[in-house]
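Novice: structure for the following, please:
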Amino acid sequence: MKLVGLSGNLAGWKTNVVVHKVLTAAKAVDKDIKTELVDLRDYEVEFVNGSPLAYYNDDTWDVVNKITSADLLVIGTPIYQASISGALKNVLDHLPVDALKGKVTGMVATAGSHNHFLVPEYQLKPILSYLKGIVPATSVYIQDDAFDDVNEIVDENVSERIQKFAEELVSLQKSISEKK
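Specialist: Alright, predicted model coming up:
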């Protein structure tokens, strides 16, 4: 089973740290899971202009293929201006309508305050559902004060929520895969 974590930001490290922690926690749940972190900073994903995917650069093609070939996903976004990141939205716009069909697709978000905790639920979840992703009941929302000065998670409650989130992702995907 392949779990791809998508860190949907181009600046800062908190979202990357959280997605990486989820991948590590999932690997602890099932040592046979293969994980890959796709950090959008490492790719030059072209802006969607309505052309078929074949007309975009290799990085765009590569990111889309990593997402569509995964068995399950964790999508991470910082919250900017009460919204998901533009970089993440752009990647999601490249995906075909059924790209996430049959895939558990978990959400994590980082933000400066508690004011935006519903952004993943009201903005990201509908997009993932439209792409036919199976969105678990649990997601992880983390405020900046859960991190120290070097972007390590210092809040034990957050670490516990990440562990439970990873367990739910793996369990749900295994249950779905067994029924196929």
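Novice: can you give me the helices in the protein?
Specialist: 14-29, 58-69, 86-94, 119, 125-130, 156-179 (DSSP state H).
Novice: mind checking the ones you listed for the one nearest to residue 101?
Specialist: Closest to residue 101 of the helices of the chain is helix 58-69 (Cβ to Cβ; 9.8 Å). Yep, even glycine has a C-beta here, placed from its N, CA and C like the rest.
Novice: so which elements touch that closest one?
Specialist: strand 2-7, strand 34-39, helix 86-94 (3 or more Cβ pairs under 8 Å, 6 or more residues apart in numbering; DSSP states H and E).
Novice: so which of the ones you listed is the most packed in?
Specialist: Here the criterion is mean neighbour count by mean count of other Cβ atoms under 10 Å, and of the helices and strands packed on helix 58-69 the winner is strand 2-7, at a mean of 24.
Novice: other residues contacting stretch 104-114?
Specialist: 14-15, 18-19, 22, 72-79, 84, 116-117, 119-120, 124-125, 128, 131, 133-136, 138-144, 165, 168-169, 172-173, 176 (Cβ atoms under 8 Å, 6 or more residues apart in numbering).
Novice: now it: buried residues?
Specialist: Within stretch 104-114, the residues scored as buried using 16 or more other Cβ atoms under 10 Å are 104-111.
Novice: thanks a lot, catch you later.
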